[in-house]
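In: Okay, structure incoming, though there's no sequence with it:
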């Protein structure tokens, strides 16, 4: 039997070190930041606290878990990365402290695979060292973000430069990024719609790259920027990958990035379930503890089963990535299920907490605001459902069975 859900002693030791670091370094620092309101009251102390955590993580050898060792990382595969992300995301700043946060994590993978040696030295190296931040500029307000073939931002060649004009929005991290991976339309009549776009690396700031605003969302203004691009010039050496390869590059980036989101969402859901059970064991009403009431038990049971499903889906999708197997359908299914599971578990935890859960005295309200984003980020629920159905129908047409569409598992 090759199916084994245990970790080697070495990996178990890494997971224990990450958990200890989160509990002993990150969470106490987060409490100090929150209690002292450092972000608003003392910006220098706030930045010192954040950078200090990163330095400690680097010195502790739990830095950049997703990147190869030659780039200063831990060299973990996706199954192994799942345990680090799930531990890190039990705290707010955890993924950032370990330098495995979105969108930088996905951009690192993309640069590692697609960038030239010169581009890697200029952009990937400082990103891995934690000296810069980046963004991925694809989504536009005028067209459906789930269909990159509709992108209107266009680029035309002028000598050794490309001139780019367009409109982007919800570009996470753009406000603080040193560079962007920008997707623009370069081919007007390609043989395939997916061959119309090309990726470019854009230094920020650059003339023609204009940040209009940070878009206010239901969880505040947190760096999702609207960008107007006017006659932005980039040298041809700034093209990332080949001409017309932008769609392929985007899909290469988004698959593992979606799964990394799921890993972090699992941690958030488990935190919400822990809080739900703790509340049920400490709240007495109508003659008994909440934990003894069937309605509450059902919420706990449903959340437990869904979290178990989510963990298995993420581990299996990660296994397929690590073993060079096609993973598109498995990642789509995981992304859809885990995002919805996250919303349901947090919602139930709020319900068990009552008015306390609706207040900001616990992290649940803030978690719920962020969780709603999960159902359309990196592909809306309905788009993933459409693709899953198409692949299931295709599997049946090709083989007379839907088995390969349901994970291609040996049962």
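Out: Alright, I've got the coordinates. Given the structure is predicted, the values throughout are model-derived calculations rather than measurements.
In: secondary structure class for residue 198?
Out: Under DSSP: H, G, I helix; E, B strand; the rest coil, residue 198 falls in the strand class.
In: Pretty sure it sits against residue 156.
Out: No: using C-beta atoms under 8 Å as the test, residue 198 is too far from residue 156 to be in contact (11.1 Å). (C-beta placed from N, C-alpha, C; glycine too.)
In: between these two, who's got more neighbours?
Out: Using other C-beta atoms under 10 Å, the more surrounded residue of residue 198 and residue 156 is residue 198, with 24 against 13.
In: where in the stretch 101-250 of the chain is pLDDT low?
Out: Of all residues in the stretch 101-250 of the chain, none has pLDDT under 70.
In: Which parts of it are helices?
Out: 104-114, 117-119, 125-128, 246-282 (DSSP state H, counting those that start in this stretch).
In: hang on, the earlier thing: common neighbours of residue 198 and residue 156, please.
Out: Common contacts of residue 198 and residue 156 (C-beta atoms under 8 Å, 6 or more residues apart in numbering): residue 186.
In: for the stretch 201-350 of the chain, what spans make up the strands?
Out: Here the stretch 201-350 of the chain has its strands, by DSSP state E, counting those that start in this stretch, at 209-217, 220-235, 239-240, 284-285, 288-289.
In: Name the stretch among these that sits most buried.
Out: Across those, averaging neighbours per residue (mean count of other C-beta atoms under 10 Å) puts strand 239-240 on top, at a mean of 22.
In: Could you name the helices and strands sitting against it?
Out: For strand 239-240, the elements it packs on are helix 104-114, strand 197-203, judged by 3 or more C-beta pairs under 8 Å, 6 or more residues apart in numbering; DSSP states H and E.
In: and the residue sitting nearest the centre point of the chain, what does it touch?
Out: In the chain, the centroid-proximal residue (C-alpha atoms, centre = their mean) is residue 261; its distance is 3.5 Å. Residue 261 makes contact with 102, 335, 338, 339, 374, 377, 378, according to C-beta under 8 Å, 6+ apart.
In: quick one: the fourth one and residue 381 touch, right?
Out: Put plainly, it is residue 339. Yes: at 7.2 Å, residue 339 counts as touching residue 381 under the criterion of C-beta under 8 Å.
In: picking up where we left off before, need the helices of the stretch 101-250 of the chain in a markdown table with distance to residue 162, can you?
Out: Shown next, in a markdown table, are the helices of the stretch 101-250 of the chain (distance: least, C-beta to C-beta, whole Å):
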| stretch | distance to residue 162 |
| --- | --- |
| helix 104-114 | 17 |
| helix 117-119 | 15 |
| helix 125-128 | 23 |
| helix 246-282 | 12 |
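In: Tell me which of those helices lies nearest to residue 87.
Out: Residue 87 lies closest to helix 246-282 among the helices of the stretch 101-250 of the chain, at 7.0 Å (C-beta to C-beta).
In: Report the buried residues of the closest one.
Out: Residues of helix 246-282 classed as buried: 246-250, 252-273, 275-277, 279-280 (neighbour count, 16 or more other C-beta atoms under 10 Å).
In: from what I can see, residue 409 looks like it's in a helix, true?
Out: No: checked against three-state DSSP, residue 409 lies outside a helix; its state is coil.
In: Who are the contact partners of it?
Out: residue 316.
In: how close does it sit to residue 313?
Out: Remark: distance between residue 409 and residue 313 (C-beta to C-beta, to the nearest Å) = 11 Å.
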